[in-house]
Structures are given as structure tokens and as C-alpha cells.
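Q: Here you go, sequence then predicted model.
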Amino acid sequence: MSARKGAALLLLVVLGWGLTWPLNKALLESLSPFWLAALRAALAALTILAVVVPRGRMVLPPRSDLPVLLSITLLHMVGFVILANIGLQLVPVGRSVVLAYTTPLWVMPGAALFLGERLTGRRIAGMALGMAGLGVLFNPFAFDWSDRRSILGHAALLLAALLWAASILHIRGHRWTATPFQLLPWETLLAALLLFAVALGFEPQPEVQWSVRLVLLLVATSTVGVVVPYWAAAAAGRALSAGTVSLGVLGAPLVAILSAAALLGEVPELSVWIAIACVLGGVVLGTMQRKP
């Protein structure tokens with residue numbers, strides 16, 4: 001695959017992950033965070049199975065990969081998704097995406113602590129810049145500490161970022177037998193089953209007013225937000241360097257904020273733009289490697 005095609009696929013990833021946030025925000029007007037997560041995962045699993053099974057590419061996961069399969073499913077596809085949905089229901093898209101994309105900031109010290117990676121001066125400076133961005137969001141003189149719903153939403157998003165970081169650390173430290181894409185059908189299927197169990201536990205009889213708009217939004221967020229980005233990211237990784245892909249996906253928060261402004265009328269305040277500049281700048285600074 002040429003670098004040009006790889007860049008086009010990376011653009012699909014950025015657009016898909018960015019558009020997911022306003023799409024989910026719109027869906028949360030009709031669905032609870034639990035049922036949104038369950039239905040989205042089910043549609044994504046069915047779509048992936050419909051592509052993989054007819055081609056005979058559905059293989060049993062090796063026993064050695066079961067731990068990472070479970071951690072990706074539980075930490076990212078279940079834990080992160082539920083907490084991100086809860087946070088997104090209570091917090092505007094701009095603030096939500098900034099908090100969710102603090103994940104790499106938590107990966108840096110975690111990698112040093114658990115994987116023995118060196119915590120360089122560049123990474124420390126990147127973490128400090130990212131923390132400054134969080135300080136802007138949680139300015140004690142501007143943040144409404146009396147709003148319990150807002151505090152709960154922000155806390156849920158920060159915890160979601162920590163769970164995603166834990167999943168990334170396991171992925172980075174795992175010795176793979178199968179490829180990540182070969183495990184994806186099993187992860188989405190297991191995630192869908194677990195999310196339905198959680199949704200039924202919290203809301204046995206959900207009150208949902210079905211409409212064509214609701215169905216179209218669900219199909220869009222499960223395909224554009226899950227299936228297409230996962231496939232495109234895996235394919236782009238074969239044509240572009242890991243560093244290019246990891247830095248390229250940082251465009252997703254910008255797409256999320258701009259699309260939320262266009263589709264939902266959510267215009268972020270200046271503090272959000274400052275925070276995202278600090279967080280993404282910190283991630284770039286901490287993840288870029290010095291050329292020899």
C-alpha cells in the first residue's frame with residue numbers, strides 16, 4: 001500500500017472517531033448510556049461478523065492472547081465506553097473529548113512504572129503541559145463545584161481515560177500470537193454480550209421512542225465510529241509508521257469539537273481550546289522521539 005493510500009485511511013480514522021462524539025451526544029437524548037453502548041456494540045459486532053465469516057477469516061483466539069482479549073474488551077470496549085457515555089451525557093462534547101484524550105498522558109508514567117520504559121525529560125515536559133491543560137478545565141475560580149452532575153460527568157471521563165490507558169499498557173506489554181484485527185470480532189461480540197447484560201441490569205425495561213432518525217444514528221455511530229476506523233487504522237498501520245498514526249489520530253478531537261459546533265450548536269468556550277492545545281501539545285511532545 002502506498003503512503004498516499006495510508007494517509008487517506010488515516011483521515012478516515014480521524015473523521016470516524018471525531019464524528020462519533022456528536023453522534024453519540026445526539027443519541028443520548030433518546031437512549032441511556034448503557035443501552036447506547038449495548039446497541040452500538042451489537043451493531044458493530046454484527047457488521048464485523050458479516051464481513052469476516054463469509055471470507056473464512058474467523059479464527060479461534062489463541063490461549064496466549066486471551067488475557068489481552070479480555071482486557072481490551074473489559075477496560076476499553078465496556079468500561080471506557082460506558083463511562084464515556086455517562087460523561088458525554090453530562091458534559092459538553094468539547095470538554096468530554098479533551099478529557100478522553102488525556103489517555104496518552106496517563107500511559108507515559110504507566111509505561112515507566114510497569115513496562116520499564118524510560119521517563120525522559122521530553123515525556124515529563126509533555127505530561128506537565130497536559131496537566132496544565134487539565135488545570136485550565138478545572139480552574140477552581142471558574143468551575144462550578146456545586147454542580148454535582150457536572151462533577152460526576154468529568155470524573156467519569158477521567159476514569160474512562162485511565163481505563164483506556166490501562167488497556168494500552170497491556171497491549172504494549174503483551175506478546176501477540178494472533179494479530180489485533182483477528183481478535184477484533186471476538187472482542188466486539190463479547191463486549192456486546194456484556195454491555196447487554198449491564199444494560200438489562202440497570203434498565204430492564206427501557207423506554208425508547210424508536211424513529212428512523214434514531215436507527216440511522218445508531219447505524220452511523222456503530223459503522224463510522226467503530227467498524228470503519230478499526231479497519232482503517234489497521235490498514236493504515238501497514239503503510240505508515242506507528243508514530244505517524246499515533247500523532248495523526250490526534251486530529252479526532254478537533255473534528256469532534258468542530259462537528260459538534262456544526263451539528264449540535266455547541267460552541268466551546270476559550271478555556272476548552274486552551275486545554276485541548278495544552279493536552280494535545282503535551283501528547284505530541286511526550287510521544288515524539290528525538291531523531292538520532
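A: The structure has been received and is ready for your questions.
Q: going forward, measure contacts and count neighbours with C-alpha atoms only.
A: Will do.
Q: Using the three-state scheme, assign the closest residue to Phe196 other than its chain neighbours.
A: Nearest residue to Phe196 in three dimensions, chain neighbours excluded: Ala38, at 5.1 Å (C-alpha to C-alpha, 6 or more residues apart in numbering). Following DSSP: H, G, I helix; E, B strand; the rest coil, the label given to Ala38 is helix.
Q: what's around Ala3, how many residues?
A: By the criterion of other C-alpha atoms under 10 Å, Ala3 has 13 neighbours.
Q: Now for it: which residues touch it?
A: 239-240 (C-alpha atoms under 8 Å, 6 or more residues apart in numbering).
Q: about what we covered before: would you mind confirming that the residue nearest to Phe196 is in contact with Gly201?
A: No. Between Ala38 and Gly201 there is no contact under C-alpha atoms under 8 Å: 12.0 Å.
Q: and the closest residue to Leu43 other than its chain neighbours, which of the three is it?
A: Distances taken as C-alpha to C-alpha, 6+ apart place Ser222 nearest to Leu43, at 6.0 Å, with adjacent residues excluded. Recorded secondary structure, Ser222: helix (three-state DSSP).
Q: tell me the pLDDT at Ser222?
A: As predicted, Ser222 sits at a pLDDT of 90.
Q: who's in contact with it?
A: Per C-alpha under 8 Å, 6+ apart, neighbours of Ser222: 40-41, 43-44.
Q: Drop anything exposed from the residues you listed.
A: For the contacts of Ser222, a burial check counting by 16 or more other C-alpha atoms under 10 Å picks out 40-41, 43-44.
Q: re earlier: how deep is the residue nearest to Phe196 tucked in, by neighbour count?
A: 25.
Q: contacting residues for it?
A: 192-193, 195-196, 199.
Q: which of those residues tops the neighbour count?
A: Leu195 (27 neighbours).
Q: ok, and the closest non-adjacent residue to that residue?
A: Using C-alpha to C-alpha, 6+ apart, the nearest residue to Leu195 is Ala38, at 4.7 Å.
Q: Restricted to strands, list the contacts of Ala38.
A: In strands, judged by DSSP state E, none of the contacts of Ala38 are found.
Q: now, which of those sits nearest Leu27?
A: Checking the contacts of Ala38 against Leu27 with C-alpha to C-alpha, the nearest one is Ala199 at 15.5 Å.
Q: Run the chain-centre distance for the helix or strand harbouring Leu152.
A: Using DSSP states H and E, the element containing Leu152 is helix 148-173. Taking C-alpha atoms, centre = their mean, to the nearest Å, one finds helix 148-173 lying 10 Å from the centre of the chain it belongs to.
Q: before we move on, what about stretch 96-110?
A: Its chain's C-alpha centre and that of stretch 96-110 lie 10 Å apart, by C-alpha atoms, centre = their mean.
Q: quick one: low-confidence ranges for the chain?
A: Filtered on pLDDT under 70, the chain yields the residue ranges 1, 237-238, 241-246, 288-292.
Q: can I assume Val267 is in contact with Ala261?
A: Yes. Taking contacts as C-alpha under 8 Å, Val267 lies within contact range of Ala261: 5.1 Å.
Q: what sits in contact with each of those two?
A: By C-alpha under 8 Å, 6+ apart, no residue touches both Val267 and Ala261.
Q: where exactly do the helices run in the stretch 151-292 of the chain?
A: 180-202, 212-222, 228-236, 242-248, 251-264, 270-287 (DSSP state H, counting those that start in this stretch).
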